[in-house]
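*Asks:* This is the structure alone, sequence omitted:
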């Protein structure tokens, strides 16, 4: 019995699907009404809450597009209050209250951007009394508010309904105690009668963080909250409900569910600071603003839970009135309500401020407290007062920048403030400004200071009247007392003062050229000490040119030298000298005075040409030279000048001409067409214009040179101007070449002579070698060890003194002693080389006839061959009779100069 029944269970859903499909086919065969695009309803009714937050979703309008493809664009007739998105959901554009909304319906317009076709619907905003709030205490499931999905047919062709559903928000109070889960609403679809459906919700609080706060029964559609909510953490939740069949196919379009968390008074007010600081000037009138204290409540400020009220709980100290201040209970602004604020009596007040929510309800509201510290600031309501009516001081005369007295004052205002800092002013007794009274920044005392020298001889006592004030004026209604003024008596003490010259400097005018020992001017000094009988002595401190002297007793000045205005010690015609006056006081005092002598010019300086050296070209163009004159004197003893060329030498005026350009300038130019390069000294006579004019001949050095096309001397010519011309350079080169040739010839001759000496040694026996006196008559030189000789001996032997020729210390042992000699023949200063032979013969005869001659060969006196000669002694030779034993024919081979010698010794007796 049961088996057939059990087997038919699974076939029943299939049978229902077949029946449904058949009914749909029958309906299609009968012809469905055509789809018309537009809003699903011509009039929507929306239940608006009393208070709506900005951005809160309110309702949605549904537009049937009938498969037109593309989205329509929605517009709202009140865009300042409402905002509509592309999916038809309308949001609050700002915080709204239902009482402020217009009574006329809200118009929603849809526009097709392709065809520009438009559709319009109306929305009536119903009062909140028609809204049935849910989830206010828990109810059983059968009594829950149902939210039904809008119906649609299975052919995706929406049936035209009279009105669409608008889901009102669900309000849930925060901090609910449960029990949990707590059902809020049931979500249902009309299609659940035909098909088994499953329900779900998505969004923050469901399947998004914070997860698990809201859940829905998938079969019954009951939406529940699982834990207490906190409005201060999340004020609302936006969920979306879904309905699908058993296969997961979407049966209904998702609907949006807004859950608002209702505020509860669960937060106390919190002050921004636990201690608030403010200031108020003393003496302020009632109503003076002091400061503002504020607190913040995390509860909803749009409800009484977040509306705060302030009040003052206590004031310390309660002087002079326990209620010196009041506070605005809504804003927290503190003001004064009583007069009598005096910083000198009470400098600070402490207030305890309380903030209470629920608009200050003491029974249900939550409270918190903070401290307000009000400091009473100082104003200048107390004038400074001197501690005494009179003060005294002493000071030596001529002292400055010294403190003679300290003035002390008292002030009840706050120290180190402009209302306490004292400023002192001398109101009488100081007509010449000799005193000042600055303030000591540390002690606030007045320092009476001397700023100009005091003179005991003029005033021995000074009586000053001084007033003390503050840096800022006294407050209105406060006047200075009598104690704000005081007197000070200052006694001046006498000291020895320095003598002084008057006038200083003293100027005198004199003509230059004043002769020495001229009495110039008295320059006495004065002693300011009238009550001291002292004498003054004078001395000179500075006299650069040492022209003056001063009488040590009278101070009269006289000259010691000629005064010259052109001296380097004279500046701008003034000569300055400084003198010292010294008294005999104890201690002695001195003073200085300056004498300025203005020297008047006289014509005592002749003019000189300027410039001293110029250049000019060889050719006459361009060759003009501009010259002027320098005169140490001043006008009229200087220019204008007269220029002329000197008459000597005569070629000056022949080659040059001078033309006057102006009173101070002249032009010198060539007369001839060409002048050879070189340096010329041109005498120029210049005469000044002084009374008794002075003339002077100055030499202008002119360098005549070759010039380029610009009229400038070439580089080669500059060398010539320095004394090295082309001819000089060539001469120097020739001299160098000639010197090299002479050196070369001398070297060749020396080598030849050495060869001849060697040949001679081969022919003559060393013992009979005669070489002792040949060097005297020719340039054969000395022996092998004596190569130092003087050729001048062959030219002017008469000009040499015997003692000067050869000192005694180096004479040969076999040389003739030095004593008066006979008169030997004298040879001319420049003899001809051919006369040497005759000179030798004459000398030989004189030697033979000399009775004082020793038994030596007298020819030894003509030269010294040096020590250590290899030749033997010639003392045994007889100059007149022993020549016949020798053969002197080889002398003919020595040259023409020795042929006569060979004839003398090698010839016959004749």
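*Replies:* Arrived safely, thanks for sending. These figures come from a predicted structure and were not determined experimentally.

*Asks:* Can you pull the poorly scored residue ranges out of the stretch 751-900 of the chain?
*Replies:* Counting by pLDDT under 70, the stretch 751-900 of the chain contains low-confidence residues at 760-835, 851-887, 897.

*Asks:* actually the stretch 551-700 of the chain, not the one I wrote
*Replies:* 619-623.

*Asks:* now the helices for it?
*Replies:* For the stretch 551-700 of the chain, helices defined by DSSP state H, counting those that start in this stretch occupy the ranges 650-655.

*Asks:* Do a quick rundown of the strands in it.
*Replies:* Taking DSSP state E, counting those that start in this stretch, the strands of the stretch 551-700 of the chain run over residues 556-559, 574-583, 590-600, 608-610, 613-617, 625-630, 642-645, 656-660, 665-670, 678-687, 695-705.

*Asks:* which stretches of the stretch 151-300 of the chain form strands?
*Replies:* Using DSSP E, counting those that start in this stretch, strands in the stretch 151-300 of the chain cover 170-173, 182-189, 197-202, 214-216, 222-225, 236-245, 255-262, 270-271, 275-281, 289-292, 295-296.

*Asks:* Compare these and give me the one nearest residue 116.
*Replies:* Closest approach to residue 116 among these is made by strand 255-262 (30.3 Å; CB to CB). Quick note: C-beta positions are derived from backbone N, CA and C, even for glycine.

*Asks:* Measure how that closest one sits relative to strand 182-189, angle-wise.
*Replies:* Interaxial angle of strand 255-262 relative to strand 182-189 (axes from the mean of the first three to the mean of the last three CA atoms, to 10 degrees): 160 degrees.

*Asks:* List the contacts of strand 255-262.
*Replies:* Contact partners of strand 255-262, identified using CB atoms under 8 Å, 6 or more residues apart in numbering, comprise 56-57, 60, 89, 147, 149-150, 165, 167, 169-174, 184-185, 187, 201, 205, 214, 223, 229-231, 234-241.

*Asks:* host element of residue 733?
*Replies:* Using DSSP states H and E, residue 733 maps to helix 726-763.

*Asks:* which residue sits closest to residue 491, ignoring its sequence neighbours?
*Replies:* Residue nearest to residue 491 in three dimensions, not counting chain neighbours: residue 394, with 4.8 Å by CB to CB, 6 or more residues apart in numbering.

*Asks:* would you say the one you found is within a helix?
*Replies:* No - read with DSSP: H, G, I helix; E, B strand; the rest coil, residue 394 is strand and lies in no helix.

*Asks:* From what I see, it and residue 490 are in contact.
*Replies:* Yes - Residue 394 is within contact range of residue 490, at 7.2 Å (criterion: CB atoms under 8 Å).

*Asks:* Those two - which one has more neighbours?
*Replies:* Legend: neighbour count by other CB atoms under 10 Å for residue 394 and residue 490, higher for residue 490 (24 against 11).

*Asks:* Name whatever forms a beta bridge with that one.
*Replies:* residue 393, residue 462 (DSSP bridges).

*Asks:* what residues are up against residue 628?
*Replies:* 609, 610, 641, 664, 665, 666.

*Asks:* could I get these as CSV with neighbour count and distance to residue 497?
*Replies:* As requested, those are exported to CSV (neighbours: other CB atoms under 10 Å; distance: CB to CB, whole Å):
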residue, neighbour count, distance to residue 497
609, 25, 58
610, 13, 55
641, 24, 56
664, 16, 55
665, 16, 59
666, 22, 63
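
*Asks:* Buried residues, stretch 190-200. List them.
*Replies:* For stretch 190-200, the buried set under the neighbour-count rule, 16 or more other CB atoms under 10 Å, comprises 191, 192, 195, 197, 198, 199, 200.

*Asks:* residues contacting the closest residue to the last one other than its chain neighbours?
*Replies:* Distance criterion CB to CB, 6+ apart; nearest residue to residue 200, sequence neighbours excluded, is residue 242 at 4.9 Å. Contacts of residue 242 were listed using CB under 8 Å, 6+ apart, and they are 199, 200, 201, 202, 250, 252, 254.

*Asks:* what do you get for residue 330?
*Replies:* Applying CB under 8 Å, 6+ apart, the residues near residue 330 are 308, 309, 310.

*Asks:* on that earlier part again, closest to residue 452 out of the contacts of residue 628?
*Replies:* Using CB to CB, these come closest to residue 452 at residue 664, 54.1 Å.
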